[in-house]
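# Coordinates only, no sequence provided:
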């Protein structure tokens, strides 16, 4: 691994306990906080005049707002597929939402990449997934 200074940074989206997404800052439109009145996040979020599909990667029995004091968090992402809605959302079920500055070259961990991930890397002791946002956008939209 080469060590060199870099000005790269990414937004870390904690989608599940074991799934930290590293996404470019310009792919994130907004983080929406909602009252988590129901057990599961909404399948569609009304946001700024758009009806956007919401992807939830966690099929656990845990209430979707339990980690954030009864508030549910949804990351609204820009759509990359021109044939799909302009925006889509992903439910954030864990703590750890942040902007992460990558000061060194991260350790490649492509062999640990999850399904629908383009790659993975290790940084500060954590595994970050570089997800295929186009494929996940299409999954959120459904058939």
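Received the coordinates, thanks. Note that this is a predicted model, so its numbers are computed, not measured.

# and the least confident helix or strand in the chain by mean pLDDT, what other elements does it pack with?
Least confident helix or strand of the chain, by mean pLDDT, DSSP states H and E, is helix 133-141 with a mean of 89. Helices and strands touching helix 133-141, by 3 or more Cβ pairs under 8 Å, 6 or more residues apart in numbering; DSSP states H and E, are strand 50-55, strand 87-92. No exception for glycine: its C-beta is placed from N, CA and C like everyone else's.

# got the angle between that helix and strand 87-92?
Between the axes of helix 133-141 and strand 87-92, defined by axes from the mean of the first three to the mean of the last three Cα atoms, to 10 degrees, the angle is 90 degrees.

# quick thing: my sequence starts at 16, can you match it?
Let's use 16 as the start, then, which means that last one is helix 148-156.

# Just the buried residues of helix 148-156, please?
Along helix 148-156, these residues count as buried under the neighbour rule (16 or more other Cβ atoms under 10 Å): 148, 151, 152, 153, 155, 156.

# The second one against residue 131, yeah?
It stands for residue 151. Yes: counting by Cβ atoms under 8 Å, residue 151 does reach residue 131; the two are 5.6 Å apart.

# any chance of the buried residues of helix 148-156 in TSV, plus distance to residue 139?
Shown next, in TSV, are the buried residues of helix 148-156 (distance: Cβ to Cβ, whole Å):
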residue	distance to residue 139
148	23
151	24
152	28
153	31
155	29
156	33
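
# Between these, which sits nearest residue 81?
Distance to residue 81 across the buried residues of helix 148-156 (Cβ to Cβ) is lowest for residue 155, with 22.2 Å.

# State the distance from that closest one to residue 83.
21 Å (Cβ to Cβ, to the nearest Å).

# Same question for residue 96.
Counting by Cβ to Cβ - residue 96 and residue 83 are separated by 29 Å.
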